[in-house]
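Asks: give me coordinates for this.
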Amino acid sequence: MTGGKFEYYMPTGLSTLDPVFGGGIPPGSVILLKGDIGSGKNEFAYSSMINLSHLLNQGNPGEKVLVPKEIRYITVTKRKESILREISQSFHEDLLSNIDKIRFDDLSDIYFDTSLVPISWYSEYDDIIERMTMRRKIHDNLLTTLSFTLDEMPEQSMVILDSLTEIATQYIAAGKWPDLSAYLRGMQRVSKKWNTTFYLILTKGILSPYQEIEVADAMDAVIHFRWEESSSAKRQRVLYIEKFRGVMIHLEDRDLVKFAVKITSERGFEVINIRVVI
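Replies: Below is the predicted model:
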């Protein structure tokens, strides 16, 4: 960023938020979308990928604009069909005309294989021979499987990981928290080499405060979604930028850190007014 402007930027696809960043965010950013249940973190990710899907295969619209070459949605426990159903029920069909351009990856087989969940509940491969054949194509370690999924993507992509919460709780239960912490720092490093932007979704309050801080420290940016009580006693969704390397100082200079937001079926996730830092 020179003089308050990035050399290159990747749009978030959110027309009311991109102008705050001067058009978009630094490509290769690893961004934690942290928040309470129902606070808007998932809708932020959905809206971003839906809007960016309209720009795929169109080339870069400007000299300094990097449009993702591919959008990948990686789910740890959810079915692709469930995610698409939720999106179709939440957003107007006019927004979804290019949703088929988004690629989905499902890691649920490797996630649930170490659990007591019956195979028939999560796997498409009920036959033992089919499962053995499939197992040869994937790895026993969830993060190793994720790495191979990421390695096959083109550079300058956008990746949504749904969710870091599920991966973290599994690694905590297995006593392997340091492995996950190191992995996140490795992801933050390689994202710059790839110019790939990551959204990692985390539900607040499930990890310990220490672990949340450690995760945040490994990120380029932390966007916190939460509910606040307004003066009229109505609940209001709020977006708070807790951290953004290379960007935060320019936002603070203009008091652009805290935003009220709304989510509608016609426009998705929107910033509706700017709050001055308290």
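
Asks: for the closest residue to residue 74 other than its chain neighbours, give me the pLDDT.
Replies: Among residues not flanking residue 74 along the chain, residue 105 sits closest, at 4.6 Å (C-beta to C-beta, 6 or more residues apart in numbering). Quick note: C-beta positions are derived from backbone N, CA and C, even for glycine. You'll see residue 105 listed with a pLDDT of 97.

Asks: surely residue 105 forms part of a helix?
Replies: No. Assessed with DSSP: H, G, I helix; E, B strand; the rest coil, residue 105 is strand; it does not lie in a helix.

Asks: how much space separates it from residue 183?
Replies: 17 Å (C-beta to C-beta, to the nearest Å).

Asks: residue 90 reaches residue 43, doesn't it?
Replies: Yes. If you go by C-beta atoms under 8 Å, residue 90 and residue 43 touch, sitting 7.2 Å apart.

Asks: more neighbours: which of the two?
Replies: Legend: neighbour count by other C-beta atoms under 10 Å for residue 90 and residue 43, higher for residue 43 (23 against 18).

Asks: list the residues that contact the more buried one.
Replies: Neighbour list for residue 43: 90, 263, 268-269 [criterion: C-beta atoms under 8 Å, 6 or more residues apart in numbering].

Asks: of those residues, which is the most crowded?
Replies: Result: residue 269 is most packed of the contacts of residue 43 (other C-beta under 10 Å), 28 neighbours.

Asks: check what pLDDT that one gets.
Replies: 96.

Asks: please apply the same query to residue 259.
Replies: 90.

Asks: for the helix or strand containing it, packing partners?
Replies: In the assignment (DSSP states H and E), residue 259 maps to strand 258-264. With contacts taken as 3 or more C-beta pairs under 8 Å, 6 or more residues apart in numbering; DSSP states H and E, strand 258-264 sits against strand 235-244, strand 268-275.

Asks: least reliable of those strands going by mean pLDDT?
Replies: strand 268-275 (a mean of 79).

Asks: any idea of the angle the helix or strand containing residue 32 forms with strand 235-244?
Replies: Per DSSP H and E: residue 32 is located in strand 30-35. Interaxial angle of strand 30-35 relative to strand 235-244 (axes from the mean of the first three to the mean of the last three C-alpha atoms, to 10 degrees): 150 degrees.

Asks: can you map out the strands along the stretch 101-250 of the chain?
Replies: 103-106, 158-162, 197-203, 221-229, 235-244 (DSSP state E, counting those that start in this stretch).

Asks: so where's this structure shaky on pLDDT?
Replies: 1-6, 57, 59-60, 125-140, 231-233, 253, 255, 273-278 (pLDDT under 70).

Asks: residues touching the residue nearest the centre of it, list them.
Replies: By C-alpha atoms, centre = their mean, the chain has its centre lying nearest to residue 199, at 2.3 Å. Going by C-beta under 8 Å, 6+ apart, residue 199 touches 31, 33, 44-45, 48, 158-161.

Asks: the same query, at a cut-off of 10 Å, please.
Replies: For residue 199, the contact set (C-beta atoms under 10 Å, 6 or more residues apart in numbering) comprises 12, 29-33, 41-42, 44-45, 48-49, 73, 158-162, 164, 221, 223.

Asks: what's the angle from the longest helix out of those in the chain to strand 30-35?
Replies: Longest among the helix segments of the chain by residue count, using DSSP state H, is helix 177-194. Angle, helix 177-194 to strand 30-35, by the same axes, to 10 degrees: 130 degrees.

Asks: just the buried residues of helix 177-194, please?
Replies: 177, 180-181, 183-184, 187-188, 191, 194 (16 or more other C-beta atoms under 10 Å).
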